[in-house]
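> here you go, sequence then predicted model.
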Amino acid sequence: MTEDARGIRLYNVFCDKVRCLVTLQGRQVVERILEETGLSFDQVVTREDSLSRIEQIRMVIDRFGIDPKEVLFIGDKESDREAAERNGCLFMFVWEKKKI
């Protein structure tokens, strides 16, 4: 596991907002990562909750009663962008720098 400085900066920028983790990883793995990194989220949605990214985002919107136009979804895949758009959310695309 490696820590991405850009990701930590984004995490800290939004420290005064509701922050949720939406992932297709399993809950057990996510819990271990959060424990080791000390990161925390207001809600964690994993593959055990839904295998659909669209539905995962909708779960967060519904739980907090948030206007989707006020939600910023940060992802690293085109499918993340599509899921955010389908839910009416803003989207920020981030990606890992490839080593050559």
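Received it, and whenever you're ready, just let me know what you need. Numbers count the residues shown, from 1 in each chain.
> what does the helix or strand bottoming out on mean pLDDT in the chain contact?
Every helix and strand of the chain was ranked by mean pLDDT, DSSP states H and E. The lowest is helix 5-13, at a mean of 87. Under the contact criterion C-beta atoms under 8 Å, 6 or more residues apart in numbering, helix 5-13 has outside partners 19, 39, 74, 92, 94. No exception for glycine: its C-beta is placed from N, CA and C like everyone else's.
> wasn't the third one part of a strand?
So that's residue 74. Yes: under DSSP: H, G, I helix; E, B strand; the rest coil, residue 74 sits within a strand.
> ok, the closest residue to it other than its chain neighbours to residue 84 distance?
Nearest non-adjacent residue to residue 74, counting by C-beta to C-beta, 6 or more residues apart in numbering: residue 92, 4.6 Å away. For residue 92, the distance to residue 84 (C-beta to C-beta, to the nearest Å) stands at 9 Å.
> what do you get for residue 43?
Distance, residue 43 to residue 84, using C-beta to C-beta: 16 Å.
> who's more crowded, these two?
residue 84 (24 against 14; other C-beta atoms under 10 Å).
> so which elements touch the helix or strand hosting the more buried one?
Here residue 84, judged by DSSP states H and E, is contained in helix 78-86. Contact partners of helix 78-86 among helices and strands, from 3 or more C-beta pairs under 8 Å, 6 or more residues apart in numbering; DSSP states H and E: helix 53-64, strand 72-75, strand 90-93.
> how about the second one as PDB, C-alpha atoms only?
Extracted C-alpha coordinates of strand 72-75, given in PDB (Å, rounded to 0.1, in the frame of the first residue of the first chain):
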ATOM      1  CA  LEU A  72     -18.300  16.100  -5.700                       C
ATOM      2  CA  PHE A  73     -17.400  12.600  -6.600                       C
ATOM      3  CA  ILE A  74     -13.600  12.000  -7.100                       C
ATOM      4  CA  GLY A  75     -12.700   9.000  -9.100                       C
END
